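>>> Kindly generate the corresponding structure for this input.
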Amino acid sequence: MNDSSPTTTTTRIAVIGTGYVGLTTGVCLAHLGHEVVCCDLDERKVEQLRAGVVPIVEAGLPELMAEVVEAGRLSFSLGSDPAVRTADIVFLCVQTPQDEDGSADLSYVKAAANEIGPMLEPGAIVVNKSTVPVGSAQVVAHALGRDDVHVASNPEFLREGTAVHDFLHPDRVVIGAETADVAARIAALYDGIDTKIVSTDTASAEVIKYAANGFLAMKLSFINSVAAICEQVGADVLAVADGVGSDERIGSKFLRPGPGWGGSCFPKDSRAVIQIANEYGYDFSLMRYVIQTNEEQFERMVHKVIRGARRSPEQSLDGVVVAALGLTFKAGTDDLRDSPSLRIANELARRGARVKAYDPTATGELSAVQSERLAAFDLCSSPIKAIEGADVAVVLTEWPEFAALDLEEIRTALRGNAVVDCRNLFDPEKVRAAGLNYQGVGRS
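Just a heads-up that it's a prediction; the model follows:
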């Protein structure tokens, strides 16, 4: 499945939390040859995992999990006892929700540390894998209440949809620890992976995570702003991005315009880094403008759809039918958290449009969270079912199946003739040749 080779040294690992980060971490560390127990307080989730059911959409994860369970290197526990008592290293992968002021809520981290503190073997290492603000290593150390164990930071840089690949083929592994020995013990977990190890102090490791996500968000906001200029001057943003990205000082990654950025990390981390800066007396105005630019991008996409429906922004969309293709924040995942696609579709519904939506992750039985978040839409079983009778078809998520749609079939199914391509999946000339009115992002 990949070219990562198992390590020759086996470490006993407990992973606290089986969410997106925790489950991927546990499965991949087991694949590298370690003995891993993934722990969670959700009885239903633990039962699912024991039955081989992966509760998230993530390429390669179900197959790899089945492989390491069969090999006896991965198991699942309801609660952290007894897994923590025999663990050499414990990863904290619990949620860190955001408060209204942008600061991270560390209550779950503290609760987990309080619980496992009395169970740890002397010399054990507790590793923060969750995204946590600067100073969290000290918070965890205080909550553990032990002076004979170690606390370190090992931030994750996993992209949803490619998390397994990212874990096993990382650009770097960042380790923040108070001693070289602790850093070396954590680095040894990744012995089967050929990558750069960035070993530093815990505060620097914590900043690296926020700085990386903040920079990527800035890069996306920048190219979306350039796209807006391209539309006004008659340029093609894809050609511009290719020319700019060919500069090795800049690079081509994250220079693809779209409906705006979202997901579980960028919105939360960009707000958090502003809050952290404020706490230390620095006004991170650049990041505030990055967020503001992203907000403006959402509104620009809504206006494109309104124009496609031949309405003005001041008019109601009553009577307008919009086909929303894609609802997740990106392809390859079922994650709806802070999804720009979902946000744009909801705004169109709020303005009076009937939104017929299709997403490949929302065609079967929906979870309670999905049902609540998608309640405003008529969910359809296929892209063409969503397009039938619509005035505007809008591509919101870059699922590959949308790029493969037959343009003549789209033209026949639409009541109107407008295609708003928020992901630039289509060739504008081919869409227009099919008799459709095309609007992309930054495409003149």
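
>>> Tell me how many other residues crowd M65.
Using other C-beta atoms under 10 Å, M65 is surrounded by 26 other residues. (Glycine included, C-beta is placed from N, CA and C.)

>>> So what does it have for phi and psi?
phi -60, psi -40 (degrees, to the nearest 10).

>>> Would you confirm that it contacts V53?
No - using C-beta atoms under 8 Å as the test, M65 is too far from V53 to be in contact (9.6 Å).

>>> Going by neighbour count, which residues in the helix-or-strand element of the chain with minimal mean pLDDT are buried?
Taking mean pLDDT, DSSP states H and E as the measure, the chain has helix 368-373 as its least confident helix or strand, at a mean of 87. By neighbour count with 16 or more other C-beta atoms under 10 Å, helix 368-373 contains the buried residues Q370, R373.

>>> go on, stretch 227-241?
For stretch 227-241, burial by neighbour count (16+ other C-beta under 10 Å) applies to A227, A228, C230, E231, A235, D236, V237, L238, V240, A241.

>>> which ones among those are found in helices?
A227, A228, C230, E231, V237, L238, V240, A241 (DSSP state H).

>>> Let me see the contact set for the last one.
What that stands for is A241. Contact partners of A241, counting by C-beta atoms under 8 Å, 6 or more residues apart in numbering, are I223, V226, S252, L255, R256, P257.

>>> and the fourth one, how many neighbours does it have?
Counted with other C-beta under 10 Å, residues neighbouring L255 total 19.

>>> you'd agree it is up against K219?
Yes - if you go by C-beta under 8 Å, L255 and K219 touch, sitting 6.6 Å apart.

>>> can you list residues touching both of the two?
Common neighbours of L255 and K219 (criterion: C-beta under 8 Å, 6+ apart): none identified.

>>> where exactly do the helices run in the stretch 101-250 of the chain?
107-116, 136-144, 163-168, 180-187, 202-233, 237-245 (DSSP state H, counting those that start in this stretch).

>>> and those helices, which is most packed in?
Among the helices of the stretch 101-250 of the chain, ranked by average contacts under mean count of other C-beta atoms under 10 Å, first place goes to helix 163-168 (a mean of 21).

>>> and the next element down the chain from the least confident helix or strand of the chain?
strand 378-379 (DSSP states H and E).

>>> which residues make contact with that following strand from outside it?
So strand 378-379 is in contact with R354, V355, K356, A357, Y358, A362, T363, going by C-beta under 8 Å, 6+ apart.

>>> ok, for P428, nearest residue in space, not its chain neighbours?
Take P428 and drop its neighbours on the chain: the residue closest to it by C-beta to C-beta, 6 or more residues apart in numbering is Y438, 4.9 Å away.

>>> what mean pLDDT would you report for stretch 89-108?
Summarised as a single mean, pLDDT over stretch 89-108 is 88.

>>> That stretch: which residues count as buried?
89-96, 102-104, 106, 108.

>>> pLDDT weak spots in the stretch 1-150 of the chain?
Scanning the stretch 1-150 of the chain for pLDDT under 70 picks out 1-8.

>>> same thing but 80
Along the stretch 1-150 of the chain, segments meeting pLDDT under 80 span 1-9, 99-103.

>>> Would you mark the buried spots in stretch 23-42?
23-41.

>>> cool, stretch 349-362 as well?
So stretch 349-362, judged by 16+ other C-beta under 10 Å, has buried residues A349, R351, A353, R354, V355, K356, A357, Y358, D359, P360, T361, A362.

>>> What's the end-to-end length of that stretch?
18 Å (C-alpha to C-alpha, to the nearest Å).

>>> repeat for stretch 308-322
Using C-alpha to C-alpha, the two ends of stretch 308-322 sit 10 Å apart.

>>> now swap in stretch 332-344 and tell me
End to end - C-alpha to C-alpha - stretch 332-344 spans 19 Å.

>>> ok now that stretch, how far from the chain's centre?
Relative to the centre of its chain, stretch 332-344 is centred 9 Å away, using C-alpha atoms, centre = their mean, to the nearest Å.

>>> what does it contact?
Taking C-beta under 8 Å, 6+ apart as the rule, stretch 332-344 contacts 20, 56-59, 160-162, 258-264, 266-268, 297-298, 301-302, 305, 324, 326-329, 361-362, 369-370, 373-374, 394, 396-397, 422.

>>> try 7 Å this time
56-59, 160-162, 259-264, 267, 298, 301-302, 326-329, 361, 370, 373, 396-397 (C-beta atoms under 7 Å, 6 or more residues apart in numbering).
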